[in-house]
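**Student:** Predicted model follows, preceded by the sequence.
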Amino acid sequence: MMKILIGTTNKDKFRQFKKAFDIHEKDFEVVSLAELGITDDVEEDGETLSENSRKKAQYFGKKSGLMTLADDTGLFVDALDGRPGIHAKRWHEGTYRDRNLKLLEELKDVSRVKRTARYIGVVSVYDPKNDIFWEFEKKTEGLICEEFFDEDGFGYDPIFWENTFGKRFSELTEGENLSISHRGMGVKELVDFLRIYVD
């Protein structure tokens, strides 16, 4: 059974990736940084989502010797000229809630029809044995809601209205989320590829 390390210290991300692998493939053992005793973090100082996700995948892959998956996600809001963009996590200090409220404040005078936005995520996988990368970029279209809903969901999920199911991301079931999110779609594409690669 192939081991795949998920290169993130974010427990929410790890949970989603592990669930995605559980859904799509049983022949891979998903490992966390904590299970390997790795407590490092990697500074996401790249200029693109790809640079950040590759940097994390390569760092943890070389450190562990395992095939490693990492991702970076951005939220791109049209009315704000693409902000917060690749800095979705770092553009405003504080908690998930703080960043949600800051975004809503910046959009307070923008009508619903003009609140179009999209999540763009890049999943990068690094194979340290062969020193090669694979990369999968996916996006999810939607709108930014006009109010904050204080409920489960991380990142901007409580205020991101997703078009396919017609719900806020935080309202989606885990299965619905993984069918349209960059993490779920990226893992599906990766698993399909690895079935060929490891044969």
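**Tutor:** Arrived safely, thanks for sending. Numbering: from 1, shown residues only.
**Student:** pLDDT below threshold where in the chain?
**Tutor:** 24-26, 89, 150-153, 197-199 (pLDDT under 70).
**Student:** From residue 164, how far out is the residue lying farthest from the centre of the chain?
**Tutor:** In the chain, residue 109 marks the outermost C-alpha relative to the chain mean, sitting 28.7 Å out by Cα atoms, centre = their mean. For residue 109, the distance to residue 164 equals 28 Å [Cβ to Cβ, to the nearest Å]. In short, each C-beta sits where N, CA and C put it, glycine included.
**Student:** need the contact list for residue 5.
**Tutor:** Contact analysis of residue 5 by Cβ atoms under 8 Å, 6 or more residues apart in numbering lists 31, 32, 33, 36, 60, 61, 64, 66, 67, 68, 69.
**Student:** That one: what secondary structure?
**Tutor:** strand (DSSP: H, G, I helix; E, B strand; the rest coil).
**Student:** Tell me how far it lies from residue 155.
**Tutor:** Per Cβ to Cβ, residue 5 is found 22 Å from residue 155.
**Student:** what's near enough to touch the spatially most central residue of the chain?
**Tutor:** Centroid check for the chain by Cα atoms, centre = their mean gives residue 73 as the closest residue, at 4.7 Å. Contacts for residue 73 (Cβ under 8 Å, 6+ apart) come out as 49, 88, 119, 120, 121, 122, 155, 182.
**Student:** That one falls within a helix, correct?
**Tutor:** No: using three-state DSSP, the assignment for residue 73 is strand, not a helix.
**Student:** Among the contacts of residue 73, name the ones in strands.
**Tutor:** Using DSSP state E, 119, 120, 121, 122 are the members of these that sit in strands.
**Student:** Tell me the bridge partners for the last one.
**Tutor:** In this structure, residue 122 has the following beta-bridge partners (DSSP bridges): residue 72, residue 137.
**Student:** Is it in contact with residue 182, as I believe?
**Tutor:** Yes: here residue 122 reaches residue 182: they are 7.4 Å apart, a contact under Cβ atoms under 8 Å.
**Student:** shared neighbours of those two, which are they?
**Tutor:** Common neighbours of residue 122 and residue 182 (Cβ under 8 Å, 6+ apart) are 71, 73, 136, 137.
**Student:** Which secondary structure state does the residue farthest from the centre of the chain sit in?
**Tutor:** Following three-state DSSP, residue 109 is assigned to coil.
**Student:** how far away is it from residue 80?
**Tutor:** According to Cβ to Cβ, residue 109 and residue 80 sit 12 Å apart.
**Student:** Strands of the protein, start to end?
**Tutor:** Listed in chain order, the strands of the chain (DSSP E) span 2-6, 28-32, 67-77, 84-85, 116-127, 132-144, 160-162, 167-168.
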